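A.B. asks: curious how this folds, go ahead:
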Amino acid sequence: MFDFCGNLEFFGAEPATNEGTQVVPLSKKLFDARLELVATLDPAGGIGEVDDDHEPEFDAELRGSLLSTLHLVSSSANDCVVGAGPD
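C.D. replies: All right, here's what the predicted structure looks like:
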């Protein structure tokens, strides 16, 4: 909140402050969801439940696609982190 022309001081107003909330970026939420899905589709026994109706070929294709996406996202993030330091 901005005190324009000292109005808060003049009227003796002391507005309540709010610390706000920490927002998790959408990119992190998507990365975490993809990672959890990969773990669920892991043929070695993931963390999730798998129905008897699932198709192993589709699961493997989806898992591979998700892993490729996660690799691309994490490798591009590494480039940003490495390039952010002082010269």
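A.B. asks: same for the helix of greatest length in the chain, what does it pack against?
C.D. replies: For the chain, the helix that runs over the most residues, judged by DSSP state H, is helix 56-83. The criterion is 3 or more CB pairs under 8 Å, 6 or more residues apart in numbering; DSSP states H and E, and the helices and strands that helix 56-83 contacts are helix 26-41. C-beta here means a position set from N, CA and C on the backbone, and glycine is covered the same way.
A.B. asks: separation between the closest residue to L37 other than its chain neighbours and V38?
C.D. replies: Nearest-residue entry for L37: L66, 6.0 Å, with adjacent residues in sequence omitted and distances by CB to CB, 6 or more residues apart in numbering. Distance of L66 to V38, computed by CB to CB, to the nearest Å: 5 Å.
A.B. asks: repeat that for L70.
C.D. replies: Applying CB to CB, one obtains 7 Å for the distance of L70 from V38.
A.B. asks: and what of V23?
C.D. replies: V23 sits 25 Å away from V38, going by CB to CB.
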